[in-house]
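Asker: Mind looking at a prediction? Sequence and model below.
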Amino acid sequence: MSTERLPISVLRPRLVPGRWDSLAFVLVVAALVYLAHAGLGLVAPLSHLTAERISLNPWALPGYAAQTALRMLVAMGASLLFTFTYATLAAKSRRAAAVLVPLLDILQSVPILGFSFTIVFFLSLTPGRVAGAEFAAVFLVFTSQAWNMAFSFYHSLRSIPAELDEAARSFHLGPWMRFWRLEVPFAMPALIWNMMMSMSGGWFFVVAAEAISVGHTTVTLPGIGSYIAKAIAARDLGAIGWAIAAMAVVILIYDQIIFRPLIASADWFRLEQETGLTPSRSWALTMMRRSRLLSLGAHTFGALVRLGFNRGPLRPPRPRPERRRGRLADILWSVGIALLVGLAVWKILSYVLSSVPSGQIGHVVVLGLYTLTRVAVLIGLATVVWVPIGVHIGLRPRLAAAVQPVAQFLAAFPVNLLFPVVVSGIVFFKLDPNIWLSPLMILGTQWYILFNVIAGASSLSTDLKYVGENLHVRGWLWWRRIALPAVFPFYLTGAITAAGGSWNASIVAEVANWGNKHLVAKGLGAYIATATAAGNFPRTALGIVVMSVFVVAINRLFWRPLYARAERQFRMS
Amino acid sequence: MSANPRPAAAEPLLEVRGIGKSFLKPDGDELVVLDEVSLTLRAGEIVGLLGRSGSGKSTLLRLIAGLDEPSRGEVRYLGAPVAGPAEGISMVFQSFALFPWLTVLGNVQLGLEALRLPEAEIRKRSLEAIDLIGLDGYESAYPRELSGGMRQRVGFARALVVHPNILLMDEPFSALDVLTAETLRSDFLELWGEGELPIRSVLLVTHNIEEAVQLCDRLLIFSTHPGRVVSEILIDLRQPRATVDATFRALVDRVYTEMTAHPRTAREGARAERIAAMTLDAALVHVSPNLMAGLMEAVSEPPYRGRADLPAIGQALHMEADDLFPLTEALQLLRFAEVEGGDIRLTEAGLAFARSDTDERKTLFARHLLGHVPLAAHVRRVLDERSSHRAPKSRFLDELEDYMTEEAAEQTLRTVISWGRYAEIFAYDDQRQVFTLENPT
C-alpha cells in the first residue's frame, strides 16, 4: 500500500526535519505570530472600533481578511467543542435527549441574525474593551455553525452499528477511549460534511456580524465585513471588487488547508468503500503526513488521548436499564420541563406584548407569508434552472469532477459581498425592490440544489443508464422515469438546505443600502432587520418567534413527509 | 476425550444456570426468547450451540459475554457471577466488527490498550498474535484492504491477544465463502490441537451442521420460540475429521434428525390449542415462493421421486441448514411436504404443484395459503367484508403485535404480503401502505 493513504498518527515520527517540514514550519510560525497579534487586539479599548478607522486602501485588505478568517476559526473550534459535549450528552442520556434534541431543532430554525441582540450582553461582559465585541461576532458565527454539526454528531452516535458497539464493550473500552476510538471516527465523515456546510453559512454571517448596529450600539470590527460596509457607505465599487477578491482568496485557502485534507482523511473513516469513488487528494494532507514536525505533533496528541484511556472506570457502564425502572422519575422530569417551557412562553409573551400591540402579531404573520412566497418562488425557479443542468453535469463524470468543487466554492462564498453590486443596479434602473431584492435571498443558497443534484446524477448506476438506452427511453419519458426519480432524494436534501438558508438570508436581503439610499422589501426579514437596527427588542423577538414558527412548521408539514416518502420509495432493500 | 490432547478439568470454567431472556411485548406480556437454559463449559473443550434463527443461541452468547443481562438465572465464570463484560472472555463476531479506521495492528491492540498495559508489552503481544494467526506483513493494512478471510483473522487475533480463558465465537465463518471458511477452520483447529492458542475453551454458535460436527467435542441443540436445549450430542471423533468418513456422515445425519424432530417449538398445551383454533400468533419466516417451487421440483424429480434425505438435498442445492429449514417449515405449514427422521416427503399437493404450470400453481398455492395460514385468510376476509375492499397495513400490524414483537410482526406481515401477491389473493401498495383486493388493471 502507498504511504500516501496512511493517517498521520500511524506513521512513526522521525526527528530529523524533511523537505515538507520547511513548508509546515513556515505555516505554523505564521499562524503563531498572527494569533499573538490578534490577541493584543482583544484588549484594545472599544473606542478603536469605529468606522473611521477602517481603511478602504486595498493594501489593508489582507490584514482584514486574516482577522475575518481567524474569527471563523475560533467559532469553528467553539462549534466543535459544543458538538462533542452537547451531542454526547443528548445521545447518552435519554432524559437529556428529551429536551436537548427538540431544542436543537428549534435553534436550527431561529434566524441567525436574530441572535444579534446578544451583542449588547457580550459588550457588557468586558466593558470598554474590544474583546466583548469580538466575542459577540464569534458567537453569531457560532450560532450559524453549531446546530447542524451537533445534530449530525448526535445522529451518528445513535446509529453506531450494533456489532461495533458490542466489540467495544466486550473489549472493555472505557468512555474516553470509546469516544476517541469508536464514536468520533464513526461520526467523522458526516461531521466533516456538516462542518463544510457550516463554514459556508459562517462566511455569510461573519461578514454581516462585523459591522452591526443594535440600537445605539454600533460595532465595527476590523475585517472584510466592515470594509464592505464602509465601501457601501462611500459608494466605492472598486473597493467592493477588491473585497470580493480577498474573500475568494480566503475561502480558497480555507478549502485547501482545512477541508481538502479533512475530506481526504475522512475516506478512512467510512465503513463501506463506495465503488467508483475517486480517492480525494490534498497537497496539504500530504504535507501534514510527510512533515515530521507535524506528525510529531499528531503523535503527541495521540499519546495525550491515549493517556486518557487509563482514566475512567475499567468496567464499562452496565447496559441501559429496562424501561420499567424510573417511570416516576420520568414523569417528574417531564412535568418539570413542561413547567419550565410554560414559564418561558409566558415570559416571552408578556415581554413582547408589553410594548407591541397585539394587532401587530397578525401584521407580522402576513409579512411572514410575503417572505414565504419569495422563498417558495425562488426555490421553484432554482429547481427549474438547476435540476436539468445538474443532471446533465452529473451524468458526465469528468465535467462533474470539474464543476463540483466550483459549486461548493460558490455555496461557501458570502453573497452579501455581492449585494452592493445588485443594489446599485436596482437604484440605477429604478427597479421595484419588492421583486428585485428577492433574488439576493437565493443567490448563495441555490448552489446546494446544484451540487446535490450533481451528486445524485453521478450516483445513478451505469446499469440503469444502459437499461434506459437499451429500451430506447428518451426525451421527457427518460426524465420522468429515470433521471428525476434518481436525483429526487438528493434534490430534496439540497432544496431543504437552500430553503433554510434563504429564510436566514432574508434578514439581510430584504433590506439593502447603497450610500444614503435605503431599499426595503416588504417581508419578515426586513421587519426583523429594521427592528434590530432600531434597538426595538420586543419587535425583534416577535419577528424571530414568527420566523422560527414558520420554518419549523414548513419543515414538519412539508419537507419531512416528502423526505420520508422519498426514503421509502427509492430504497432497494 | 480422545479428540483433544488436553484433559478436561474437573472445575468448570463457565456455568450457565437456568438462564432465561424475555422481552416485553407492547401489551405487557412477556415474549420468551430463551428459556431455562443450563450448560457447563470445561477447560479443553469446544462446545457448539446449534439451532435455527430464532433459537436464541446468539442471545445466549451475548448473555455469557456480559453484553446483555438475563431475565432469569445466572452465568458464573470461574465461580463468580458475570455482570458486564468479563475479563477472560472474548468474542469473535460474525460480521468481524473491525474498526474500519484502525489498522490491523490498531484493531489487535485495542483490547490491550483498554487493559492499561504498558505500550511495549501491547506492541509485543499484538505482534505475536498477528504472527500466530498468519497476518504477518499486514500490520499496517486497513480492514477495507483485506479479503473477508483476512478480516476474520484480524477478528481472531484481536480476541486472542487478550489471552482469554474462553473464546466465544458467533458464527465466525458464516460470512465467508466456502473455501475461505474451510481454510480458516482447519487453521484454527490445527492451532487448537497443537495447544498454540492462549485459550482454554471455546463456545461456538453456528447453524452449519457440518461445521459443528467438524469442530466441536459436544453439541447442544436448541429449539426455537422459545430457545431451549433439546438435546446434547457428544462427538467422539479424532481430529482431523474427514467429512466424507462414514461415521462423520452418520453424525451429520443424526444432527439433522434431531433438529427436525422438534419442529417450530416445544409448545405448551395452551399455545398448541390456540394454533388449532387458527389464530394469528405464529410468526412466519419469509421464504420466497420461487424457492419453495424450486425445492418441490427438485424433490419430485429423480433420484428423489418425492422423498429426499435433508443433508443430501441440502448439499445438492448448495443450501445450508439455516436456509433449508425455514423452507421445509414453510412447505410443512402449507401442507406441501412433511418432514420425518431427517427426510423431506412431498404430499399429494406438493407433487401436484411440482407437475403444474404457473397458473395452476398459483391456484393451488392460493387454496393452501387461505386454508392453512390463518393470517392470510384473515386479511382476505377483512378485504372481502369491507365495501371499499381496502385495509391499511397498520390494522394487521396492530393485531399481530398482540402476539409478537414489532420486528416479528413486521416480518410476518411481509411474508404474508409476498405469498399473497404470488397467490394473487390480494394486492398491497407499499407507497400508501394499504392492502386492496384488486391488482391494477
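Answerer: Sure thing, it's come through.
Asker: low pLDDT regions in the stretch 251-400 of chain B?
Answerer: Within the stretch 251-400 of chain B, the ranges that satisfy pLDDT under 70 run B:262-282.
Asker: Buried residues in stretch B:126-135, which are they?
Answerer: Within stretch B:126-135, the residues that qualify as buried are B:126-127, B:129-130, B:132-135, counting by 16 or more other C-beta atoms under 10 Å in any protein chain shown. Using the backbone N, CA and C atoms, a C-beta is placed for each residue, glycine as well.
Asker: what do you get for stretch B:171-184?
Answerer: Along stretch B:171-184, these residues count as buried under the neighbour rule (16+ other C-beta under 10 Å): B:171-176, B:180-181, B:184.
Asker: can you put the residues you listed in a markdown table and add secondary structure and distance to A:Leu191?
Answerer: As requested, the buried residues of stretch B:171-184 are exported to a markdown table (DSSP: H, G, I helix; E, B strand; the rest coil; distance: C-beta to C-beta, whole Å):
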| residue | secondary structure | distance to A:Leu191 |
| --- | --- | --- |
| B:Glu171 | coil | 33 |
| B:Pro172 | coil | 33 |
| B:Phe173 | coil | 35 |
| B:Ser174 | coil | 33 |
| B:Ala175 | coil | 29 |
| B:Leu176 | coil | 33 |
| B:Thr180 | helix | 35 |
| B:Ala181 | helix | 37 |
| B:Leu184 | helix | 36 |
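Asker: Intersect the residues you listed with the contacts of chain A.
Answerer: Of the residues in these, proximity to chain A by C-beta under 8 Å from any C-beta of the partner chain holds for none.
Asker: So for A:Phe139, what pLDDT did the model give?
Answerer: For A:Phe139, the pLDDT comes out at 87.
Asker: wait, it sits on A:Val120?
Answerer: No. With contact defined as C-beta atoms under 8 Å, A:Phe139 does not count as touching A:Val120 (12.0 Å).
Asker: quick one: which of these two has more around it?
Answerer: Legend: neighbour count by other C-beta atoms under 10 Å in any protein chain shown for A:Phe139 and A:Val120, higher for A:Phe139 (19 against 16).
Asker: Does that one belong to a helix, a strand or coil?
Answerer: What DSSP: H, G, I helix; E, B strand; the rest coil gives for A:Phe139 is helix.
Asker: What about B:Asp384, how many residues nearby?
Answerer: The number of residues packed near B:Asp384 is 10, by other C-beta under 10 Å.
Asker: For B:Ile233, give me phi and psi.
Answerer: Phi and psi for B:Ile233, reported as degrees, to the nearest 10, are phi -120, psi 130.
Asker: for B:Ser201, same thing?
Answerer: Torsion angles at B:Ser201 (phi, psi; degrees, to the nearest 10) stand at phi -160, psi 160.
Asker: Same check on the one 5 residues further on?
Answerer: According to degrees, to the nearest 10, the main-chain angles of B:Thr206 amount to phi -150, psi 160.
Asker: which residues touch B:Pro172?
Answerer: When contacts are counted by C-beta atoms under 8 Å, 6 or more residues apart in numbering or on different chains, B:Pro172 touches B:92-94, B:152, B:155-156, B:184, B:204.
Asker: Point out where chain A drops to low pLDDT.
Answerer: A:1-30, A:32-52, A:116-117, A:128, A:214-215, A:266-299, A:301-326, A:570-573.
Asker: got the domain boundaries for it?
Answerer: For chain A, automatic domain parsing gives the domain ranges A:60-269, A:328-353, A:358-573.
Asker: which one of those lies closest to chain B?
Answerer: Among the domains of chain A, domain A:60-269 comes nearest to chain B, with 3.9 Å by C-beta to the nearest C-beta.
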